[in-house]
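In: Structure of the sequence below:
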Amino acid sequence: MSKTDTAKYEPRLKAQYREHIRATMKEKFKYTNDMQIPALDKIVINMGVGEAVADSKKMASALAALTAIAGQKPVTTKARKSIAGFKLRDGMSIGAKVTLRRERMYEFLDRLVTIALPRVRDFRGLNGKSFDGNGN
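Out: Numbering: from 1, shown residues only. Predicted coordinates:
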């Protein structure tokens, strides 16, 4: 088989966005240019681990959990400045984050919206204050 014979995998949500959602948004919001239509660029999943200051094993378990959720290795985030009240020093690991792009981003969002969030008991939607006016 040559490389042209194999069909490249496309996530379900990405195909749905490309075929249906873009056209619906362009019609509903009267966009004149295709570049005006909002699109996903990246999804950043972060986790603050406050207990990591006292116990470094908490950081390892947080990294393992984030790896299982995102499917790729997280990056540890470090403190930018020292805060004596929290016993925090500059450069200490205090969290982790993963940046998802392209296919992994669409797969994660699809699983979050169709599988994870509907299973949350008494889920009433996401808080509107969690987002700014630019869709972040």
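In: what pLDDT does residue 100 get?
Out: Per-residue confidence (pLDDT) for residue 100: 90.
In: List the contacts of residue 90.
Out: 79-82 (Cβ atoms under 8 Å, 6 or more residues apart in numbering). Placement of C-beta: from N, CA and C, glycine included.
In: so for stretch 55-74, what's the average pLDDT?
Out: In this model, stretch 55-74 has a mean pLDDT of 84.
In: Contacts for whichever strand or helix holds residue 77, please.
Out: Assigned by DSSP states H and E, residue 77 belongs to strand 75-78. For strand 75-78, the external contacting residues (Cβ under 8 Å, 6+ apart) are 46, 59, 63, 91-98.
In: what's the farthest-apart pair in the contacts of residue 90?
Out: 80 and 82 (9.2 Å; Cβ to Cβ).
In: picking up where we left off before, sheet partners, orientation included, of the strand holding residue 77?
Out: In the sheet containing strand 75-78, its partner strands are strand 93-100 (antiparallel), by DSSP bridges.
In: any low-confidence regions in the chain?
Out: Along the chain, the model assigns pLDDT under 70 to residues 1-7, 52-54, 132-136.
In: For the residue nearest the centre of it, give the beta-bridge partners.
Out: Centroid-nearest residue in the chain: residue 43, 3.1 Å away (criterion: Cα atoms, centre = their mean). Counting by DSSP bridges, residue 43 is bridged to residue 100.
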